[in-house]
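**Student:** below is the sequence, then the predicted model.
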Amino acid sequence: MIEFFFAHMKALQRTALAVFILLLASGTALAGPIDNASQAINYLIDSVRTSDLSFVRNGSTYTALEAAAHLKAKYDYFQKQIKTPEDFIRLAGSKSELSGRAYLVKTADGRTIPSAEWLGSLLARYRAALESSGAVTIRSPSGL
């Protein structure tokens, strides 16, 4: 009886593995042509974290690490409302929810740029790099 159970269990495991691989392959094929929002958002947060910029929020200046942690916390908070990287920029990366003041980015040469503009430019470069690599074809959120 036990041998029968283990023999069928191995066959079941092989079948489950085959189904998993097929689902994974079909999911990759389906997801391939569409911009992966969470991947792009994580890229934006990582780019903030590794930048040599300063970030201004409500009049106080923060390091790149502090700014990235803040963006990640806001992303986690708004995650159900965020469907696209543009949603992320609008809801988490552009202004303070408390004061309504725009977030700013300070460059090494002293220029100040609204963070929404800086993140939007970064997102455009990210998408251009993906398209030029042939890895992904970007479509608008409406699918057009």
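**Tutor:** Perfect, I can see it now.

**Student:** pretty sure G110 sits in a strand.
**Tutor:** No. G110: not assigned to a strand; according to DSSP: H, G, I helix; E, B strand; the rest coil it is coil.

**Student:** which pLDDT value belongs to it?
**Tutor:** Note on G110: pLDDT of 91.

**Student:** ditto for S132
**Tutor:** 89.

**Student:** quick check: phi and psi at it.
**Tutor:** With angles defined as degrees, to the nearest 10, S132 sits at phi -70, psi -30.

**Student:** give me the neighbour count for F55.
**Tutor:** Neighbour count of F55, defined by other CB atoms under 10 Å: 23. Heads up, the C-betas are built off the backbone N, CA and C, glycines and all.

**Student:** nope, K80 is what I was after
**Tutor:** Look at K80: counted by other CB under 10 Å, it has 6 neighbours.

**Student:** surely it is within a strand?
**Tutor:** No. Using three-state DSSP, the assignment for K80 is coil, not a strand.

**Student:** identify the residue spatially nearest to K95, adjacent ones excluded.
**Tutor:** In this structure, K95 finds its nearest non-sequential neighbour in A102, 5.0 Å apart by CB to CB, 6 or more residues apart in numbering.

**Student:** where does this structure dip in pLDDT?
**Tutor:** 1-35, 135-144 (pLDDT under 70).

**Student:** strands of that one, residue ranges please.
**Tutor:** 54-57, 60-62, 104-106, 112-114 (DSSP state E).

**Student:** same list (these) but as JSON lines, adding distance to I89.
**Tutor:** As requested, those are arranged in JSON lines below (distance: least, CB to CB, whole Å):
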{"stretch": "strand 54-57", "distance to I89": "14"}
{"stretch": "strand 60-62", "distance to I89": "18"}
{"stretch": "strand 104-106", "distance to I89": "12"}
{"stretch": "strand 112-114", "distance to I89": "10"}
